[in-house]
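Chemist: One predicted model, sequence on top.
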Amino acid sequence: MVRTIYFYIFFFLIVSCSVRRQLPTLQLKENDSERLLLNGYYYTKLDSVFFDVIFLYKNGIVYQGGNPDIKDGFKNIDETFSQSYINDKKTGYIWGLYIVDGNHITIERYLTPIYAEKYQTYVDKGHVVNERKFIITSRKYIKTGKLEARRDTFNFRPLSIKPDSTNNFIK
């Protein structure tokens, strides 16, 4: 009886500490569109303090590069992402998928999880303006179905060395 209780406690601890993820709604698909440049990153100004930086890869993977401080400028961003150690293959919420279909772009990424919460996804939709710019016009949170209007303009910045897209979450 005592062994059974210990087993259940152990099992509960293992399950509660494991990384749980909601499966993405998009399917991994190689980007055969030439509508966007892929030899760098896209950035948008989140507010007066931070950028949102994302990398798009030919294999259909998107890497969320974080939210660097605007006051540090692009030189700091370029130097940070040119270093090989920056690519964290074990952090699920920085990875996602994207699809470019004609002038439309769809990006699905994970929210940063709150303690013991499973990774939840959201889908951004928008349109491609040209090869150096796209605009996200809506965001849908998959778990809740909540839809919000957005106006996030992502601009391209070339980068000679991009982080690798290999990760433990999307294969």
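Modeler: Here it is on my side, so go on.

Chemist: which residues of this structure fall in strands?
Modeler: 40-45, 51-56, 61-66, 95-101, 104-110, 121-130, 133-141, 147-158 (DSSP state E).

Chemist: Quickly run through the sheet partners of the fourth one, with directions.
Modeler: Each strand that pairs with strand 95-101, with its direction, by DSSP bridges: strand 61-66 (antiparallel), strand 104-110 (antiparallel).

Chemist: Now that strand: buried residues?
Modeler: Trp95, Gly96, Leu97, Tyr98, Ile99, Val100 (16 or more other Cβ atoms under 10 Å). Quick note: C-beta positions are derived from backbone N, CA and C, even for glycine.

Chemist: Bridged to the third one, which residues?
Modeler: Beta-bridge pairing of Leu97, defined through DSSP bridges, involves Ile61, Glu108.

Chemist: Now for it: which residues touch it?
Modeler: By Cβ atoms under 8 Å, 6 or more residues apart in numbering, the residues touching Leu97 are Pro24, Leu26, Gln27, Leu28, Lys29, Gly60, Ile61, Val62, Ile107, Glu108, Ile170.

Chemist: switch the cut-off to 10 Å
Modeler: 24-29, 59-62, 106-109, 121, 123, 170 (Cβ atoms under 10 Å, 6 or more residues apart in numbering).

Chemist: picking up where we left off before, mind telling me which of the strands paired with strand 95-101 the model trusts least?
Modeler: For those, mean pLDDT drops lowest on strand 61-66, to a mean of 85.

Chemist: Using CSV, write down the CA coordinates of that one.
Modeler: Provided in CSV are the C-alpha atoms of strand 61-66 (Å, rounded to 0.1, in the frame of the first residue of the first chain):
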residue,chain,number,x,y,z
ILE,A,61,10.0,27.4,-39.1
VAL,A,62,9.8,30.7,-37.3
TYR,A,63,12.2,31.6,-34.4
GLN,A,64,11.1,34.3,-32.0
GLY,A,65,14.3,36.2,-31.3
GLY,A,66,13.1,38.0,-28.2
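
Chemist: Would you mark the buried spots in it?
Modeler: Ile61, Val62, Tyr63, Gln64, Gly65, Gly66.

Chemist: and the angle from that strand to strand 40-45?
Modeler: Here strand 61-66 points in a direction 50 degrees away from that of strand 40-45 (axes from the mean of the first three to the mean of the last three Cα atoms, to 10 degrees).

Chemist: Kindly state which of the strands of the chain is positioned closest to Ser165.
Modeler: strand 61-66 (4.5 Å; Cβ to Cβ).

Chemist: so that closest one versus strand 51-56, what angle?
Modeler: 160 degrees.
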